[in-house]
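J.: Curious how this folds, go ahead:
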Amino acid sequence: MDLSGAPSNRLDPRAKRVWRIYALVVAAFVLLVCVALAVVMVLIDGPPAVWLVPLAATLVVGGLWIGLAVPAMYRRWRWEITDVEVRLQSGLIIVRRTVVPMARIQHVDTSQGPLLRMLDLSEVHVATAAGKHKIPMLADQDAAGIRDRIAALAQVTDDGGL
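T.: So this is what the prediction gives:
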């Protein structure tokens, strides 16, 4: 992939761990469904081996996602803050590049869920009239600095107005 013109900054390397944990949670849910299907098949005297197909598919897809997709997503996700814009790049198969002009930014904040909090990571959210964009999985101290820098460059006040 040609990365010319791509934003220069990467996410925190712990982003790969978060994406892998998310994949494991989804796989665990699918495996629970497979076990429930097996129990139902045994109760109705059906072939319990039917649950092996989704189980095998879950293991293969989950393994491929964790082994191939997560590193590729990490390589593709980039961001950059300039004096006039926020530039974002993301995607696995389809690479999406977004430019958010500072003059259009109305609000900027940080957030973190329980998993990100455990790993000392945060997300920076940038809101415009057209929508919301985020820079995910940044170290807490970096996210706070980025939030404050964008707020200063976009001249966003504490009350969210311009």
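
J.: Surely L92 and Y74 touch.
T.: No - in this structure, L92 is not within contact of Y74 by Cβ atoms under 8 Å, at 10.4 Å. Bear in mind the C-beta positions are built from the backbone N, C-alpha and C, glycine included.

J.: More neighbours: those two, which one.
T.: Between L92 and Y74, Y74 has the larger neighbour count (other Cβ atoms under 10 Å), namely 16 against 13.

J.: and the helix or strand hosting that one, what other elements does it pack with?
T.: If you go by DSSP states H and E, Y74 is part of helix 70-76. Packed against helix 70-76 by the contact rule (3 or more Cβ pairs under 8 Å, 6 or more residues apart in numbering; DSSP states H and E) you find helix 15-43, strand 85-90.

J.: can you pull out the strands in the chain?
T.: Under the criterion DSSP state E, the chain contains strands at 9-10, 78-81, 85-90, 96-101, 105-111, 121-128, 131-139.

J.: Direction included, what does the second one pair up with?
T.: Listed by DSSP bridges, the sheet partners of strand 78-81 and their directions read strand 9-10 (antiparallel), strand 85-90 (antiparallel).

J.: What's the local residue count around I94?
T.: Using other Cβ under 10 Å, I94 has 6 other residues around it.

J.: quick one, domains of the chain?
T.: Structural domains assigned to the chain are 9-74, 80-154, following automatic domain parsing.

J.: possible to save those as JSON lines with mean pLDDT?
T.: Shown next, in JSON lines, are the domains of the chain (pLDDT from 0 to 100):
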{"stretch": "domain 9-74", "mean pLDDT": "85"}
{"stretch": "domain 80-154", "mean pLDDT": "95"}
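
J.: from the ones you listed, which stretch is densest packed?
T.: Stretch with highest mean neighbour count among the domains of the chain: domain 80-154 (a mean of 16; mean count of other Cβ atoms under 10 Å).

J.: start to end distance for that one?
T.: End-to-end distance for domain 80-154, by Cα to Cα, to the nearest Å: 15 Å.

J.: now the residue nearest the centre of the chain, nearest residue through space, not along the chain?
T.: Nearest to the mean C-alpha position of the chain, counting by Cα atoms, centre = their mean, stands P136 at 5.8 Å. Nearest non-adjacent residue to P136, counting by Cβ to Cβ, 6 or more residues apart in numbering: E123, 4.7 Å away.
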